[in-house]
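Enquirer: Below is the sequence, then the predicted model.
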Amino acid sequence: MAKHILVVDDSVSIRQMVEVTLLSAKYKVTLAKDGQEGLDKCKKEKFDFVLTDQNMPRMDGITLVQSLRGLPAYQRTPIVMLTTEAGADMKAKGKAAGATGWMVKPFNPAKLLELTKKVLG
């Protein structure tokens, strides 16, 4: 069965690019337009991997990571930040919140697939 990935980003074009990339590798993909929608979806179903932006309306990525880590079903799920934020301070906040990894936009599709394969084992 295909691994199910949640992609959370307020940019339609980024969601579409990430979705096309992941679908090309036969992953099942669900999209959310902000952290709150992502959290709501995670409370309804289990994802194998969550890929989230940082800067979004309603709920940012770090708050989403913290919220997910508070749910028993998501304590060990890989969660990677895909964001324009590349500063060491922001990366440290992400790590402290429980993010598994960090990828800077614009992303390379091959690198995204490599990272996805790695975090999913």
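Expert: Sure, I can see it.

Enquirer: Show me which parts of stretch 80-99 are buried, residue by residue.
Expert: 80-83, 85, 90-91, 93-94, 97-99 (16 or more other C-beta atoms under 10 Å). (Each C-beta comes from the backbone N, C-alpha and C, glycine too.)

Enquirer: what about the residue sitting nearest the centre point of the chain, which helix or strand?
Expert: Most central residue of the chain, judged by C-alpha distance to the mean C-alpha position with C-alpha atoms, centre = their mean, is residue 51 at 1.2 Å. With secondary structure defined by DSSP states H and E, residue 51 is part of strand 49-52.

Enquirer: which residues are contacting the longest helix along the chain?
Expert: Assignment by DSSP state H gives helix 12-24 as the longest helix of the chain. Here helix 12-24 makes contact (C-beta atoms under 8 Å, 6 or more residues apart in numbering) with 5, 7, 9, 29, 31, 33, 51, 53, 82, 105, 107, 109, 112-113, 116.

Enquirer: please redo it, this time with the cut-off set to 7 Å
Expert: Residues outside helix 12-24 that contact it (C-beta atoms under 7 Å, 6 or more residues apart in numbering): 5, 7, 9, 29, 31, 51, 105, 109, 112-113, 116.

Enquirer: Three-state assignment for residue 91, please.
Expert: Three-state call for residue 91 (DSSP: H, G, I helix; E, B strand; the rest coil): helix.

Enquirer: Can you check the pLDDT for it?
Expert: With respect to pLDDT, residue 91 has a value of 94.
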